[in-house]
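K.L.:
Requesting a structural model of the entry that follows:
(3 chains)
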Amino acid sequence: MKIDNSLPLEYSTEENQLKVLGFWIFLGAEVMLFGTLFATFFTLVHRTAGGPTGAELFEITPVLIETFLLLASSFTIGLGIHAMRLGRKNAMLAFFGITLLLGLGFLGVEIFDFVQYVHEGATIQTSGFTSILFSTLGTHGAHVSVGFFWGLFIMLQVKKRGLTPQNANKAFIFSLYWHFLDVVWIFIFSFIYLKGMM
Amino acid sequence: MRLKWSILAVVFTVITVLSGCDRLLVLDPKGPQAKTQAHDIIATIWIMAFIVLVVFALLVYMLVKYRASKVGSDYEPPHIEGSKLIEGICIGVPIIIVTILSIMSVRSNYAVEATPKGYENQKPLVVYASSSDWKWHFSYPEQNIETVNYLYIPTDRPIDFKLYSYGPITSFWIPQLGGQKYAMSDMVTTLHLAADKPGEYMGRNANFSGKGTAENTFDVNAMSKGDFDKWVKEVKVTAKPLTEKKFDQLLKPGHVGRSTYNGTHLKFSPPPAMQHGGGGDGSGSVDHKDMNKADHKNMSDHDMKNMKMDDSNK
Amino acid sequence: MDFFDRFAIPNPSPVIYASMVAIGLTVLAIIAGLTHFKKWGYLWREWLTTVDHKRIGVMYLISALLMLFRGGVDAVMLRAQLATPDAKLLDAQHYNEIFSTHGVVMILFMAMPFIIALFNFVVPLQIGARDVAFPRLNALSFWLFFMGAMLFNISFVLGGSPDAGWTSYFPLAGNQFSESVGTNYYMIAIQIAGIGTLMTGVNFMTTILKMRAPGMKLMKMPMFTWSALVANLIIVFAFPVLTVALAMGTMDRLFGTHFFSTDAGGLDMLWANLFWVWGHPEVYILILPAFGIYSEIISTFAKRNLYGYKSMVWSMVVIAGYSFLVWAHHFFTMGQGALTNSIFSITTMAIAVPTGVKIFNWLFTLWRGKIQMTVPMLYSILFIPLFTIGGVTGVMLAMSAADYQYHNTMFLVAHFHNVIIPGVVFAMLAGLTYYWPKMFGFMLNEKIGKWTAWLLSIGFVLAFFPMYITGLDGQARRMYTYSASTGFGPWNMAAFIGALIMAVGFALIVYNIYYSVRYASRDIGSDPWDARTLEWATHTPVPEYNFAITPQIDSIEPFWDAKKNGQELFKGKFEKIHMPNSSGMPFIMGCIFFAWGFSFVFSIWIPLIITTIGIFVCLALRSFEVDHGHYITVDEIEETETKLRGAN
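P.N.:
Below is the predicted model of the structure:
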């Protein structure tokens, strides 16, 4: 395997470059996936069929906490990648660990939020609005959950096998994924929550 | 080669049959909307035939002139990148054709989505046409009568069909009076038609809606205003009233024959509140409050689903 | 026993029972055959675990041909039922099931894999690569597609086929009006295959963007590779929409959500919109690679470079862009109003412009050429006039006011078959014939091939042109019967005869394969067509590593220039080659996905949970696995090269 040392570790082999590009293209597909969910959301947002509306359901506090946790995790994973480029394995692992914990916190608050919604009479079967609300949030949440395990596996590999080009590549791609989820959340925060509360 | 000519011949026959043959329902219009559409269809067939001919002629020319057996075994085809002029023509001419067609298309769009030409000054007769598996219900609010699976309309008066469905999406279509439009369960669409000539026309649901779609047809009888009024009067005297119970019975999936009623179902089973592409707005503006009808149906639906889920848990 | 009741067919018929027996016997025969000839190991090592793009291409091809016959039998049954008025061959329910599966099978499980087969086999060779960017993902794509297709097909004998049309419009496809598990099959089988296709899209875009031989700039790529790039771009952006729509449909049917229901705020038209936001680009995913194939073939057999290369590329890019802007033309009659219809009418007609450019460029490629009428060329020459007719009827349909009369009629059915059969199917058969020698080392018989092409064309004209007429005479589509008084009888009889002629044509393809396997010469060299692009520069059969030395490119037709001007393609000496390892994981994951889909279709929750966990475990294992691939040594390369050179 040819390793080009003039490039960052995650780009250093041809295979790594392919994987990074492939993942960007995959993110393009993910943009369409969430785009479709958002389009559906805007179509169905007022179709509450007598059930709760967004304004009735949404509370600002948990949403702000979620936003803070996820934004912070995006920052820490950035630090993790920076540490990785400097070759500081332990710092990188620490930042990745913090990132995943923040992600876990986000998931906790989101689940708590979902339970609240259900208590207020909004389940996925209540109306067109709640169906798409739970689906959009749930799809994002499922992505975060998958990301949690993915990140965990990468940490284990880095710990066991060190900062190899393969591991660096995996970690970098994971960071792209995590940033992407953050961007999606910003859209959810602005167009579902804030707009819904207004 | 022989076959190429025979294909050509087939195409020609098709074109001549289409343009000469006025028995094809769509090309035998009996109302202004269908006329607009038939006119568009014939005009485009001619334009398209011209394009097809050009392509055929070029292809035949190339094949005849540049076959390997014709050009000689030591002929070496040249390398040609392309030519700005030729490619410009190949882009330019289609753009001109598409522009002409676009203008035609837009004009016809506004024509078929408005009160038919020549009838602008008259107040349209409103007929609510609703489908259920696999029937058509025609409510005449003005006359306060309702028919099933047949439609009487006066000639020389514009008719606004208000379409909706008690079930899957259907499409209301009377080819000789004009093209179709969907009937859906959560909004009302409007189809503007008029009949110029008295006669019996075929009407059907053109959109696949399950087992009974093929037989989901209705007869249309266009008659003079006098005859129509006479018929209404007769119905008023002879027909039984339409009760909610009777109507619910009619809604059950299946096929029924023609029947006639005094009164309409609009009172106890009102059409969906949303209007789509009606008069001019066409914006699909959404009114969410009135979901009465839907709510009504809701319950049974839910129960059914719950039962299903239970079953599968066993 | 209650548990097993759900697997019963709701509307059984002798045909279905016969199929059950046939399927059972076939499976037994395959198992017995593999055991008797001791081929299990071979099957596992060489095919089920392969990550070689050429073999995956061949597997796609075999699947596509199988599905072609499944869909073809459907088609003949449909035409037989309609051949005479008031026929009693099929009842309404069976007719509905058959046209629904015919559509899905032909579009998603025949045309798509056929095209992906050619992507797989041809694209890496055309760009001088050793494999695709992600070989193992490629294998997973195939197995997901294959298992999706199989899952869809068993609906015929287990639980009932989908019966709401290939478009599955809600509310018809909802629980209330489509009670059997048929539509579950539709939602889930297409979902599984669709995920595979999406992965193909990512894979091939990366491959084409990153793995081209040195010197092959974007504007020096062969036209088929260009078409593959654009088609895969559309896949990446269109398929997620389908993924979401199918997921929502599944949830509506199984979990009581209200996306497309007519109650509680659902919106049935949303399905139609989402379906066609995917569905229209899907049409171009099919036709653009077909255009690419025709470009290669016409240029090869006109013995000339492709006319107007740049405008060919740009027209494809423009078509790809437009493909996302026209979806509403599938339901002009939904009542969006004159303004919306006008906009979509114009965008739709605008597609005719770049398409026209392509047709004229092909014609001008023939100009001053030296036309050899081989079988692939014959298909291409038949394609031009037939497709033009299909194209112009498309422009007619784009006239939205007139479309109120065409919509839902046989006119529309005639139109889309008129673009798909001469457009896509002919291209695939032309491509199959053209690339067959590269795949298998012998040519298909020319004479039988020409008979096939002519029979298919004549059959096609006879089968579909009458539908233009009956459509204008008021024959609606998807109707299982009509009365004699309509006068549709003779036209439909003609269509039935046409369908039979086409069936003979397709049967001849099988005969041709059989005949050529037995009698065709194996001594054909590596470039039997005197072709122009890189895939013909390597040996036949193509070695595992494709090219012993990576070629150096400096023109659009590198191989042609090498042959004519003696430019050297392969400079340098042999070096060891890195290749990916085979893996059983994609196949195993495919099987788990099959079980997952099956449990989902029948709402058997515990296996569903277990298989879901299984899928994630596979992904986790993959994450931890260390697999650096293997190297082919210089000695091995030299040995292979000497052997293959001797064979030529």
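K.L.:
of all the residues in the stretch 451-600 of chain C, which ones are close to chain A?
P.N.:
residue C:578 (C-beta under 8 Å from any C-beta of the partner chain). Using the backbone N, CA and C atoms, a C-beta is placed for each residue, glycine as well.
K.L.:
Check the stretch 451-600 of chain C for the residue nearest chain A and tell me.
P.N.:
residue C:578 (7.1 Å; C-beta to the nearest C-beta).
K.L.:
ranges for the helices of chain A?
P.N.:
Using DSSP state H, the helices of chain A run over residues A:14-44, A:54-57, A:60-85, A:89-119, A:128-161, A:165-187, A:195-197.
K.L.:
Which among the ones you listed is found nearest to residue C:119?
P.N.:
Distance to residue C:119, taken as C-beta to C-beta, is lowest for helix A:14-44 among the helices of chain A, at 15.3 Å.
K.L.:
Could you pull up the contacting residues of residue C:89?
P.N.:
For residue C:89, the contact set (C-beta atoms under 8 Å, 6 or more residues apart in numbering or on different chains) comprises C:77, C:80, C:81.
K.L.:
Is it in a helix, a strand, or coil?
P.N.:
coil (DSSP: H, G, I helix; E, B strand; the rest coil).
K.L.:
related to what we said a few turns ago, what is the residue of the stretch 451-600 of chain C closest to chain A paired to in the beta sheet?
P.N.:
Per DSSP bridges, the residues bridged to residue C:578 are residue C:631.
K.L.:
What about the contacts of residue C:89, which one has the most neighbours?
P.N.:
residue C:81 (21 neighbours; other C-beta atoms under 10 Å in any protein chain shown).
K.L.:
what about that residue, distance to chain B?
P.N.:
Taking C-beta to the nearest C-beta, to the nearest Å as the measure, residue C:81 and chain B are separated by 11 Å.
K.L.:
Please apply the same query to residue C:184.
P.N.:
Per C-beta to the nearest C-beta, residue C:184 is found 11 Å from chain B.
K.L.:
If I look at that residue, what pLDDT would I see?
P.N.:
If you check residue C:184, the pLDDT there is 94.
K.L.:
just checking, it touches residue C:604?
P.N.:
No: in this structure residue C:184 lies outside contact range of residue C:604 using C-beta atoms under 8 Å: 11.6 Å.
K.L.:
ok, those two, which is more surrounded?
P.N.:
residue C:184 (24 against 15).
K.L.:
what's the helix or strand for that one?
P.N.:
Using DSSP states H and E, residue C:184 falls within helix C:182-210.
K.L.:
Does that helix reach chain A?
P.N.:
Yes: contact of helix C:182-210 with chain A (C-beta under 8 Å from any C-beta) involves C:198, C:201, C:202, C:203, C:205, C:206, C:209, C:210.
K.L.:
Report the angle between that helix and helix A:14-44.
P.N.:
140 degrees (axes from the mean of the first three to the mean of the last three C-alpha atoms, to 10 degrees).
K.L.:
for the following helix or strand past helix C:182-210, packing partners?
P.N.:
As assigned by DSSP H and E, the chain's next helix or strand after helix C:182-210 is helix C:223-254. For helix C:223-254, the contact count by 3 or more C-beta pairs under 8 Å, 6 or more residues apart in numbering or on different chains; DSSP states H and E identifies helix A:14-44, helix A:128-161, helix C:112-126, helix C:182-210, helix C:268-301, helix C:309-323 as packing neighbours.
K.L.:
Report the rounded mean pLDDT for helix C:223-254.
P.N.:
Averaged across helix C:223-254, pLDDT comes to 96.
K.L.:
now the angle from that helix to helix C:182-210?
P.N.:
Calculated by the same axes, to 10 degrees, helix C:223-254 forms an angle of 150 degrees with helix C:182-210.
K.L.:
how far out from the middle of the chain is helix C:223-254?
P.N.:
What separates the centre of helix C:223-254 from the centre of its chain is 13 Å, taken as C-alpha atoms, centre = their mean, to the nearest Å.
K.L.:
for stretch C:14-23, same thing?
P.N.:
27 Å.
K.L.:
Show me which residues of that stretch are buried.
P.N.:
residue C:16 (16 or more other C-beta atoms under 10 Å in any protein chain shown).
K.L.:
Could you do stretch C:604-618 as well?
P.N.:
Within stretch C:604-618, the residues that qualify as buried are C:608, C:611, C:614, C:618, counting by 16+ other C-beta under 10 Å.
K.L.:
that older thread, isn't the residue of the stretch 451-600 of chain C closest to chain A right next to residue C:550, touching?
P.N.:
No: using C-beta under 8 Å, residue C:578 is not in contact with residue C:550; the gap is 12.0 Å.
K.L.:
what's the closest residue to residue C:121 other than its chain neighbours in contact with, if anything?
P.N.:
In space, and not counting its chain neighbours, residue C:121 is closest to residue C:57: 3.4 Å by C-beta to C-beta, 6 or more residues apart in numbering or on different chains. With contacts defined as C-beta under 8 Å, 6+ apart, residue C:57 is in contact with C:117, C:118, C:119, C:120, C:121, C:122, C:439.
K.L.:
Likewise for residue C:183?
P.N.:
Neighbour list for residue C:183: C:162, C:163, C:164, C:168, C:173, C:249, C:253 [criterion: C-beta under 8 Å, 6+ apart].
K.L.:
And it, how far from chain A?
P.N.:
Separation of residue C:183 from chain A (C-beta to the nearest C-beta): 18 Å.
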